[in-house]
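[1] dropping the sequence and predicted coords here.
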Amino acid sequence: MQIIIASKNLHKIRELKTILKGKYPFDLLSLLDFPDYKSPEETGKTFEENAFLKASKASKALNSWVLAEDSGLVVPSLDYQPGIKSARYAGENATDKENRNKLVDTLSNLDEDSRTGYYYCAIAIASPSGVQIQVSASCEGSLTINPKGSYGFGYDPLFKKYEYNKTFAEIDEETKNKISHRRKALDKLSSFFDSLISGKNTFTNF
């Protein structure tokens with residue numbers, strides 16, 4: 001069964017494919033396989049709204065099952081920023097490093113106890129007839145103003161999951177994929193995926 005990951009972000013595609021391929025016999029593609037497809041502008045006010053928008057448009061345009069996710073880092077002490085603007089925190093075309101640098105500068109004004117946050121992931125899965133299911137999950141931790149590690153991407157060099165004395169960028173890929181927000185969200189879809197594989201999908205449009 002074919003499922004298209006509605007993303008052109010190589011890091012996200014790799015993580016999602018790695019987690020899914022270890023459990024399900026899906027033929028996984030991404031928007032990189034459809035260069036003529038234009039993704040919708042992310043106009044939602046929440047991660048869920050953006051995931052819904054991306055999944056519903058891509059599934060209809062590409063006539064396929066689609067998995068779309070919207071995710072980011074949330075820091076309550078910073079009025080829940082970067083939030084849905086995580087990828088463009090330092091500007092519309094900002095690099096990961098530029099986004100991290102801006103966050104470090106902002107966090108420097110906070111005391112250590114206020115430097116907590118969480119990664120959040122919202123996933124929507126759609127068929128050509130509409131969005132079928134949505135789930136979300138978070139991964140809580142603390143934030144450092146001294147970036148560490150060479151693994152991962154985005155804010156990973158700044159994020160330390162509770163119970164780990166390492167940033168996500170210091171943790172190997174296999175371990176991260178067992179504890180991340182994406183893994184937690186995908187685990188919530190296990191019954192849904194099983195129903196697709198068995199051909200006994202009883203889920204209705206979202």
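    Cool, got the structure.

[2] gap between Val74 and Ser86?
    Note on Val74: its distance to Ser86, by CB to CB, to the nearest Å, is 8 Å. Placement of C-beta: from N, CA and C, glycine included.

[3] the bottom helix or strand of this structure by mean pLDDT?
    helix 190-198 (a mean of 92; mean pLDDT, DSSP states H and E).

[4] show me which strand runs longest in the protein.
    Using DSSP state E to define each element, the chain has its longest strand at strand 130-143.

[5] just checking, next helix/strand downstream of that one?
    On the C-terminal side of strand 130-143, the nearest following helix or strand under DSSP states H and E is strand 159-161.

[6] listing partners with orientation, what would you give for the longest strand of the chain?
    strand 116-127 (antiparallel), strand 159-161 (antiparallel) (DSSP bridges).

[7] report the buried residues of it.
    Of all the residues in strand 130-143, those buried under the rule 16 or more other CB atoms under 10 Å are Val131, Gln132, Ile133, Gln134, Val135, Ser136, Ala137, Ser138, Cys139, Gly141, Ser142, Leu143.

[8] tabulate those residues (CSV), appending distance to Ile3 and pLDDT.
    Listed next are the buried residues of strand 130-143 as CSV, based on distance: CB to CB, whole Å; pLDDT from 0 to 100:
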residue, distance to Ile3, pLDDT
Val131, 14, 93
Gln132, 12, 93
Ile133, 13, 96
Gln134, 15, 97
Val135, 15, 98
Ser136, 19, 98
Ala137, 19, 98
Ser138, 23, 98
Cys139, 23, 98
Gly141, 29, 97
Ser142, 34, 97
Leu143, 33, 98
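
[9] just the CA coordinates for the longest strand of the chain, please, in CSV.
    Taking C-alpha atoms only, strand 130-143 is exported to CSV below (Å, rounded to 0.1, in the frame of the first residue of the first chain):
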residue,chain,number,x,y,z
GLY,A,130,-10.8,13.4,3.0
VAL,A,131,-8.9,13.3,6.3
GLN,A,132,-9.5,10.1,8.1
ILE,A,133,-7.7,10.5,11.4
GLN,A,134,-5.6,13.0,13.4
VAL,A,135,-3.3,12.5,16.4
SER,A,136,-0.8,14.5,18.3
ALA,A,137,1.9,14.0,20.9
SER,A,138,4.6,15.9,22.7
CYS,A,139,8.1,15.3,24.1
GLU,A,140,9.0,17.4,27.2
GLY,A,141,12.4,18.6,28.2
SER,A,142,14.7,21.4,29.1
LEU,A,143,16.6,23.8,26.9
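
[10] what about the helices in this protein?
    Along the chain, counting by DSSP state H, helices occupy 10-21, 47-62, 96-107, 173-179, 181-187, 190-198.

[11] pLDDT (mean, whole number) over the fourth one?
    Pointing back at helix 173-179 there. Taken as a whole, helix 173-179 has a mean pLDDT of 95.

[12] now that helix: buried residues?
    Buried residues in helix 173-179 (16+ other CB under 10 Å): Lys176, Asn177.

[13] with that, I have no additional questions.
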